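K.L.:
please find the sequence and the predicted model below.
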Amino acid sequence: MSKTPYTTVVPEKLEDINFLSHDLQNCPYHAYSLLRDEAPVWIDPITGFYVITRFDDLRDLLLNTADFSNERGQRGAERMDQDRAKRMRELYEQKGWLPAPTLAGRDDPNHKQMRAMFNEAFRPKRIDAMDPFVAETAYKLIDAFIGDGQCDWVKQFAVPLPLIIIGRQMGVKEADIWRIKAWTDAWVQRLGMMQTEEEERWSVEMEIEAQHYFQPIFEKLRREPDDTLLSEMVNRVIPEWGRPLNDNELHAEMMADTFVGGSETSTNAIAYGVKLLIENPEVWTRLKSNPEKYLRTFVEEVVRLEGPVQGLFRTATRDIEMHGVTIPEGAMINIRYAAANRDSGEFECPEKLDLDRDKPGRHLGFGSGIHHCLGAPLARRELYWAFKALTDRIDDMWFQPGMNDFKVMPNFALRALKELHIGFKARG
């Protein structure tokens, strides 16, 4: 199967790069290569962000929390339009709860104190105990359409699997996952920095609707704690604070770190994993011949090659010089994980999907340092069982002719396929 067509912009010079262009977002890898080679610290003329693209630079930056702040580095769009951000904050305050800084948006010691609570909630034994349910859900979803010979892999598998898993831990009904998906979609669109003010207002209204859905659940769990992850979040006291999370903090965590962080990234990786397998039939042949040998490496290669999170933000806490460029104190830095994960200075044949890659987990797809993705162990299990069910149930698969344009959802920060229509031959 030949490589799939994209709507692409192939920039020939730095001035051609526009990360707010949907055409470039469909395939940003030419732009990343140009930046790594010619401008590893690039001042984006449209956003004013300092874009960092080389692996070594990103790794050092992520470990250097003194010079690169997370607390001041979140919500890049708000930094671009302070007046509009103020109007959005007022809307939260009038109709719902103004989200407090999330775990990802805090620096130490505040971050360390809050993360200790999450580390306890996400302790390995709790994640291990979820494994049978993750596997059961993956097979249940694929068996629901295996007799059809075709599916929209995104809608029928990649979206519901992680949502059902995190929903179980949050104590929500499985029947409500599509309501939650509508809320997370709205949140992600706002993160993507490509909305008009009217569209952003819609996103905030959707988040407020989600807040009013979850608020009674918080209140019930305070009265009647149970064994869910959400009950831990609602009730566990952070010793240094002398209290558990308040409503504003809980609502922020529900959307950003729990339902978006706990589902959106897994969904996108599961979708792209199948796309990569159809594009690389020799890899598919090897994977299904010995999944126990190759599956874990395949999972890491999917996250590296098609990072669900293309890039996030930090803020410089002082003037810093990198590659001859002075990054001034207060500057917004866009750390482009997806560019670093295809850096030939770190990875041999970085564009290749390689089941024999040495140390495949050393990519930055889950971040690094103190802000390494808290949900990475669960995400890896979800991806493992998604592709294990695929190898067990499907013998061959292909793109449905004329039904895919392979375009991503417009978004500055994340990379998500809208749909993926595949045909397949089930195993006998």
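P.N.:
Arrived safely, thanks for sending.
K.L.:
ok, longest helix in the protein?
P.N.:
For the chain, the helix with the greatest residue count under DSSP state H is helix 197-223.
K.L.:
so how far is it from its chain's centroid?
P.N.:
Here helix 197-223 is found 21 Å from its chain centre; the criterion is CA atoms, centre = their mean, to the nearest Å.
K.L.:
helices along the stretch 201-350 of the chain, start to end?
P.N.:
229-235, 247-253, 265-279, 281-289, 291-305, 337-340 (DSSP state H, counting those that start in this stretch).
K.L.:
tell me which of these sits most buried.
P.N.:
Highest mean neighbour count among these (mean count of other CB atoms under 10 Å): helix 337-340, with a mean of 27. To be clear about C-beta, it is placed using only N, CA and C from the backbone, and glycine gets the same treatment.
K.L.:
quick one: that one to chain centroid distance?
P.N.:
Centre-to-centre, helix 337-340 and its host chain are 13 Å apart (CA atoms, centre = their mean).
K.L.:
ranking the helices of the stretch 201-350 of the chain by mean pLDDT, which is last?
P.N.:
For the helices of the stretch 201-350 of the chain, mean pLDDT drops lowest on helix 229-235, to a mean of 91.
K.L.:
quick one: least confident helix or strand in this structure?
P.N.:
One helix or strand of the chain scores below all others by mean pLDDT, DSSP states H and E: helix 76-80, with a mean of 56.
K.L.:
following it, which helix or strand comes up?
P.N.:
Per DSSP states H and E, the first helix or strand lying C-terminal to helix 76-80 is helix 82-95.
K.L.:
quick one on the thing from earlier: turn the helices of the stretch 201-350 of the chain into CSV, columns for distance to Gly96.
P.N.:
Below are the helices of the stretch 201-350 of the chain laid out as CSV (distance: least, CB to CB, whole Å):
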stretch, distance to Gly96
helix 229-235, 18
helix 247-253, 7
helix 265-279, 25
helix 281-289, 45
helix 291-305, 33
helix 337-340, 31
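K.L.:
nearest to Met88, of the ones you listed?
P.N.:
helix 247-253 (13.9 Å; CB to CB).
K.L.:
mind giving me the packing neighbours of that closest one?
P.N.:
helix 197-223, helix 229-235 (3 or more CB pairs under 8 Å, 6 or more residues apart in numbering; DSSP states H and E).
K.L.:
what's in contact with that helix?
P.N.:
Applying CB atoms under 8 Å, 6 or more residues apart in numbering, the contact partners of helix 247-253 are 96-103, 211, 214-215, 218, 233-234, 245.
K.L.:
which of those residues lies closest to Ser368?
P.N.:
When these are compared against Ser368 (criterion: CB to CB), the nearest one is Leu103, at 15.7 Å.
K.L.:
if we can go back for a sec, the helices of the stretch 201-350 of the chain: which one's closest to Gly167?
P.N.:
Nearest to Gly167, of the helices of the stretch 201-350 of the chain and by CB to CB, is helix 229-235 at 10.0 Å.
K.L.:
which elements pack onto that closest one?
P.N.:
helix 110-121, helix 160-170, helix 197-223, helix 247-253.
K.L.:
can you put those in CSV and add distance to Gly369?
P.N.:
Below are the helices and strands packed on helix 229-235 laid out as CSV (distance: least, CB to CB, whole Å):
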stretch, distance to Gly369
helix 110-121, 11
helix 160-170, 24
helix 197-223, 28
helix 247-253, 20
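K.L.:
out of those helices, which is the most enclosed?
P.N.:
Among those, helix 160-170 has the highest mean neighbour count (mean count of other CB under 10 Å), at a mean of 23.
K.L.:
please tell me how far the residue lying closest to Asn411 once chain neighbours are set aside sits from Arg59.
P.N.:
Leaving aside its sequence neighbours, Asn411 sits nearest to Gly192 (CB to CB, 6 or more residues apart in numbering; 3.3 Å). Note on Gly192: its distance to Arg59, by CB to CB, to the nearest Å, is 25 Å.
K.L.:
which of these two has more neighbours?
P.N.:
Gly192 (19 against 16; other CB atoms under 10 Å).
K.L.:
pretty sure the more buried one sits against Phe412.
P.N.:
Yes - if you go by CB atoms under 8 Å, Gly192 and Phe412 touch, sitting 5.2 Å apart.
K.L.:
just to revisit the earlier point, I'd like to know which of the helices of the stretch 201-350 of the chain lies nearest to Lys407.
P.N.:
Nearest of those to Lys407, taken as CB to CB: helix 265-279 at 12.2 Å.
K.L.:
centre of the chain to that closest one, how far?
P.N.:
The answer for helix 265-279 is 13 Å, by CA atoms, centre = their mean.
K.L.:
next, the angle from it to helix 281-289.
P.N.:
Helix 265-279 runs at 110 degrees relative to helix 281-289, counting by axes from the mean of the first three to the mean of the last three CA atoms, to 10 degrees.
K.L.:
and helix 265-279, what does it pack against?
P.N.:
By 3+ CB pairs under 8 Å, 6+ apart, helix 265-279 packs against helix 153, helix 160-170, helix 281-289, helix 291-305, helix 376-393, strand 394-399.
K.L.:
check what pLDDT Thr7 gets.
P.N.:
Here, the pLDDT recorded for Thr7 equals 51.
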